[in-house]
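**Student:** Below are the sequence and a predicted model for it; my questions follow.
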Amino acid sequence: MRRTFAQDLVIERMKRTIVLSIFLLGILSSVYAQKIKGSDTMLPLSQKEAESYMKANPSQTMIVTGGGSGVGISALIDGSTDIAQSSRKIKFDEKQRLQKAGKTTKEVIAAYDALAVVVHPDNKVKNLTREQLDGIFTGKIKNWKEVGGDDLQIIPYSRETSSGTYEFFKESVMKNKNYKNGIMSMPATGAIILSVSQTKGAVGYVGLAYLNKDVKAVNVSYDGGKTFVKPSLQTAKDGTYPIVRPLLYYYVSSSESKVKPFIDYVLSDEGQKHVADAGFITLK
Amino acid sequence: MKRKSIRRIFERIVQGIFTLSGSMTSIAILLIVVFLFKEGLGLFGSPEIEKGYALCVHASNTVERLHPKEVKLVFDSEIVNWKELGAGDNEIMLFRFDDIFSLYSEEELGGEDYPLLSHKLGEVIEQNPGIIAFLPKQYLPPENMPVKILSINNISPLDFFTGTEWMPTTTPAPQFGTLPLILGTLWVSIFAILIALPPGLGVAIYMSELAGEHIRKLLKPTIELLAGIPSVVYGFFGLVVLVPLIQNTLNLPVGETALAGSVILAIMALPTIITIAEDAMRNTPKAMREASLALGATHWQTIYKVIIPYAASGISAAVVLGIGRAIGETMAVMMVTGNAAVMPHSLFESVRTIPATIAAELGEAPSDGIHYQSLFLLGCVLFIITMIISVTAEMISKKRHQM
């Protein structure tokens, strides 16, 4: 459990270094480079894809940077990136701004990501409905005994407001209602895992790839408690697990010839292998 | 002769460089402050509702304006009837702009540029007297339809400084209550100093007066090493060691508390306090010490009647720099305090500080948006707090010297 977070930090460091080195490399040949910008969730995936794509095509240069889904799409609008990576669908007003700039976009789903709801391993609660999760994260349900557990205060953990995961969970599970005032918010997924594993009454949400034995994932129901589905790659892939979001690439139609080879590479069997390696759900 | 003049010119140039770099530094600092305030104060010129959007109700509705807080409660389904807002008894129906696309297909809206969109929106509002719709301004229904647009004020400084809810990304009405953040910052820092001061002063006295030369030579670099540890390492230590320790020994539901933040900050402020206080004590003139001892005072009496009063200004400087370190500290606090934006009531609850808020949120706040501006304004608040503290400390130490 200590290692999870340490590893997280190390990975974060490595990511930075890789970004920096790719960036420096990019300056040297920035005229020819293709730029990918946007979601931090997708950053490790895009980096892996870009690295192996460059290995296969030494003449090509890719620059991958994060900053958030919104940042990536803004960059696409003002033309400072070729591909925007986004962990959410493009918003209506972003589409409008693109239209105003005389651009039309193409959308490509690169992978899927599932969110698991996690609790302390000693927690008796196995199943939660969407309505119960809604109540827990908006602060209406305060004690585990209200959802069939022990008499224990519920401590919900959330990600920071800047995170796409935060937005997605709010949209999918809480139907756009706000998190309860003063929810515990953690700067990284690793920190949520650590806190949930240390706190008896905790509940949080993490990407499927982060699940480990220090926390327990609960089964979720979106049909009012008729069927509860266990989060796994299998259930996320066959569509029975409900909290799944697409990871997307957006590009401007006019630059299709430039970016298509990379997009095709991501969608190829080899590219999809990296998707699985990064802990996301493949398309097929 | 010639050599002398060359040297003079050379000295002039060096002098010029020094003057230039001095003035450049001051100008740079000034520019940063101006920039900070310019970005931050833009917030009060921004509307309470997301820019480019409006809230519409049915024309028969008597509500004219909603406070951002009421808007949030309505869209969270906490307020479900218009009579709670002083209007007629009618159930509130929420309508977000995207909902229109689940009612009508793109073709029904006229394709490409949606020429029929605003008309259809008007129809939806017409049919539902209890509706409140959150729409982009460019698609507002035509004026001949029974639609009333709620008036929107700019964000008020009063709400910013006295509001108790910090939810900057909420739509339609973001909540910018900074009171819990300001109090959270002060809360954690003040307790950090209260925790750090007794041992800090103790170690400083020990090192300057009691310790032998050998121990001092060993202790001083060790303590200074403490100052060199990166704050993220302190935070990491706090998260895996201190947080569970606090949680288990005090039997709390959560370990990420203000107390954890204070203890970590106290450890981080210790080297500053010890080093400066010790230097101040060692600077007590030998004559004063010897005079005190010659008058028959014991070592202890000399320490607390002569040396501590003499070093008082240095000690207060140490405290202030310690507080400064604590208030501005970001990473370690962010990792151990849980970052819940609630008003601090006790040490055993989670708090959210200003630096942690800025660090966590600035990355993804779109530039020039109100969230971005609000974070800059928080930076201004932090700047003013630290300035007030250092000015007071300056005044205290000056007063002591006059005595």
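**Tutor:** Cool, got the structure.

**Student:** quick one: low-confidence parts of the stretch 101-250 of chain A?
**Tutor:** A:162 (pLDDT under 70).

**Student:** That one against chain B: which residues are in contact?
**Tutor:** A:138, A:152-153, A:155, A:160-163, A:167, A:176-179, A:181-187, A:191, A:194-195, A:198-202 (Cβ under 8 Å from any Cβ of the partner chain). In short, each C-beta sits where N, CA and C put it, glycine included.

**Student:** For PyMOL, write the select line for the buried members of those residues.
**Tutor:** The buried residues among those can be selected in PyMOL (16 or more other Cβ atoms under 10 Å in any protein chain shown) with this line:
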select buried, chain A and resi 138+152+155+160+161+162+163+167+176+177+178+179+181+182+183+184+185+186+187+191+194+195+198+199+200+201+202
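
**Student:** out of everything not next to it in sequence, what's closest to A:Asp150?
**Tutor:** A:Trp144 (5.5 Å; Cβ to Cβ, 6 or more residues apart in numbering or on different chains).

**Student:** elements contacting the helix or strand harbouring B:Ile125?
**Tutor:** Per DSSP states H and E: B:Ile125 is located in helix B:117-127. Judged by 3 or more Cβ pairs under 8 Å, 6 or more residues apart in numbering or on different chains; DSSP states H and E, helix B:117-127 is in contact with strand B:53-58, helix B:100-103, strand B:131-136, strand B:147-149.

**Student:** Try it again at 10 Å.
**Tutor:** strand B:53-58, strand B:93-96, helix B:100-103, strand B:131-136, strand B:147-149 (3 or more Cβ pairs under 10 Å, 6 or more residues apart in numbering or on different chains; DSSP states H and E).

**Student:** what's the closest of these to chain A?
**Tutor:** strand B:131-136 (6.3 Å; Cβ to the nearest Cβ).

**Student:** Given the closest one, what are its sheet partners and their directions?
**Tutor:** Paired strands of strand B:131-136, with direction, are strand B:53-58 (antiparallel), strand B:93-96 (parallel) (DSSP bridges).

**Student:** before we move on, back to that, now for the residue nearest to A:Asp150: which residues touch it?
**Tutor:** A:119, A:123-125, A:136, A:150-154, A:200-201, A:203 (Cβ atoms under 10 Å, 6 or more residues apart in numbering or on different chains).

**Student:** Quick check: A:Gly201 touching A:Leu152?
**Tutor:** Yes. Shown here, A:Gly201 and A:Leu152 form a contact pair, counting by Cβ atoms under 10 Å, at 4.6 Å.

**Student:** shared neighbours, those two?
**Tutor:** Between them, A:Gly201 and A:Leu152 share the contacting residues A:120, A:123, A:143-144, B:253, judged by Cβ under 10 Å, 6+ apart.

**Student:** Tell me the buried residues within these.
**Tutor:** A:120, A:123, A:144, B:253.

**Student:** quick one on the thing from earlier: want to throw the strands paired with strand B:131-136 into CSV with mean neighbour count, mean pLDDT and distance to A:Asp40?
**Tutor:** Formatted as CSV, these follow (neighbours: other Cβ atoms under 10 Å in any protein chain shown; pLDDT from 0 to 100; distance: least, Cβ to Cβ, whole Å):
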stretch, mean neighbour count, mean pLDDT, distance to A:Asp40
strand B:53-58, 22, 90, 27
strand B:93-96, 16, 89, 26
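
**Student:** Make TSV out of those strands and add distance to B:Val14.
**Tutor:** Shown next, in TSV, are the strands paired with strand B:131-136 (distance: least, Cβ to Cβ, whole Å):
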stretch	distance to B:Val14
strand B:53-58	59
strand B:93-96	66
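
**Student:** how about the strands in the stretch 151-284 of chain A?
**Tutor:** For the stretch 151-284 of chain A, strands defined by DSSP state E, counting those that start in this stretch occupy the ranges A:155-159, A:184-186, A:202-207, A:216-217, A:219-221, A:244-252.

**Student:** how close does the residue lying closest to A:Asp151 once chain neighbours are set aside get to B:Val254?
**Tutor:** Distances taken as Cβ to Cβ, 6+ apart place A:Lys145 nearest to A:Asp151, at 4.8 Å, with adjacent residues excluded. To B:Val254, A:Lys145 is 18 Å away according to Cβ to Cβ, to the nearest Å.

**Student:** Please say which of those two ends up with more neighbours.
**Tutor:** Per other Cβ atoms under 10 Å in any protein chain shown, whichever of A:Lys145 and B:Val254 has more neighbours is B:Val254, with 24 against 13.

**Student:** SS state for that one?
**Tutor:** Following DSSP: H, G, I helix; E, B strand; the rest coil, the label given to B:Val254 is coil.

**Student:** Quick check: it touching A:Met184?
**Tutor:** Yes. Between B:Val254 and A:Met184 there is a contact at 7.0 Å, judged by Cβ under 10 Å.

**Student:** what's the overlap in contacts for those two?
**Tutor:** In contact with both B:Val254 and A:Met184: A:155, A:157, A:195, A:199, A:202, B:338, B:340, B:350, using Cβ under 10 Å, 6+ apart.

**Student:** what helix or strand is B:Leu197 on?
**Tutor:** helix B:179-205.

**Student:** so how far is the helix or strand encompassing B:Gly40 from its chain's centroid?
**Tutor:** According to DSSP H and E, B:Gly40 maps onto helix B:2-41. Distance of helix B:2-41 from the chain centroid (Cα atoms, centre = their mean, to the nearest Å) equals 31 Å.
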